[in-house]
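Trainee: Turn this into a structure:
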Amino acid sequence: MKKFNAGEKRGGRSQSDDPDPIDVHVGSRVRLRRNMLGFSQEKLGDAIGLTFQQVQKYERGTNRIGASRLYELSRVLDVPVTFFFDATDPVRAPAIPEGFTEPAEGSLTADPLQREETIELVAAFHGISDGTIRRRLFNLASSLAHDPDARSRRRRHRRSI
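Mentor: Okay, here's the model as predicted:
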């Protein structure tokens, strides 16, 4: 067994290292769920006794979320703890092909949950107060996503614009 000298660091990461990809993934799932519920970072921080800056650090993966804090987040955000490690879109999208790796800047295969348009779409969807309209919009989007003819029509439409 290796002995450590006084002042020697016992593993972990130094301050200058990039965040661990798993911490980044877990943080992105916290951000996703927070946005889905319409919570601000400040509101989430208040609910778990933290500042919004600490929530920002968690969401970026800069600070690692401990087990008890992750449990508390799962309770406040009303999801199982496994949600934070799940690599699939909660709206039943396919798994992220790259897993936990960071996609290249501007990559077409970048995590769709990280895109600003996805966050805005989810916020707009949850801004619809009428449950019937929300369900119809969801059904429309689902049918368009699974209809091969609709995909080819969209491609033709984009080319004509």
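
Trainee: any idea of the pLDDT on I96?
Mentor: The score at I96 is 37. That number is its pLDDT.

Trainee: Mind listing residues that contact the helix or strand L70 falls within?
Mentor: Assigning secondary structure by DSSP states H and E places L70 in helix 67-76. If you take CB atoms under 8 Å, 6 or more residues apart in numbering as the criterion, helix 67-76 is touched by 26, 30, 44, 47-48, 58, 65, 80-81, 83-84. Glycine gets a C-beta too; all of them are placed from N, C-alpha and C.

Trainee: all helices for the chain, in order.
Mentor: With helices called from DSSP state H, the chain shows them at 21-37, 41-48, 52-60, 67-76, 116-126, 131-146, 148-160.

Trainee: check contacts around R64.
Mentor: By CB under 8 Å, 6+ apart, the contact set of R64 is 20, 23.

Trainee: circling back: show me which of the contacts of helix 67-76 are buried.
Mentor: Buried members of these, scored by 16 or more other CB atoms under 10 Å, are 26, 30, 44, 58, 65, 83-84.

Trainee: What are the structural domain limits within this structure?
Mentor: Here the domain assignment for the chain is 18-100+112-127, 130-161, based on automatic domain parsing.
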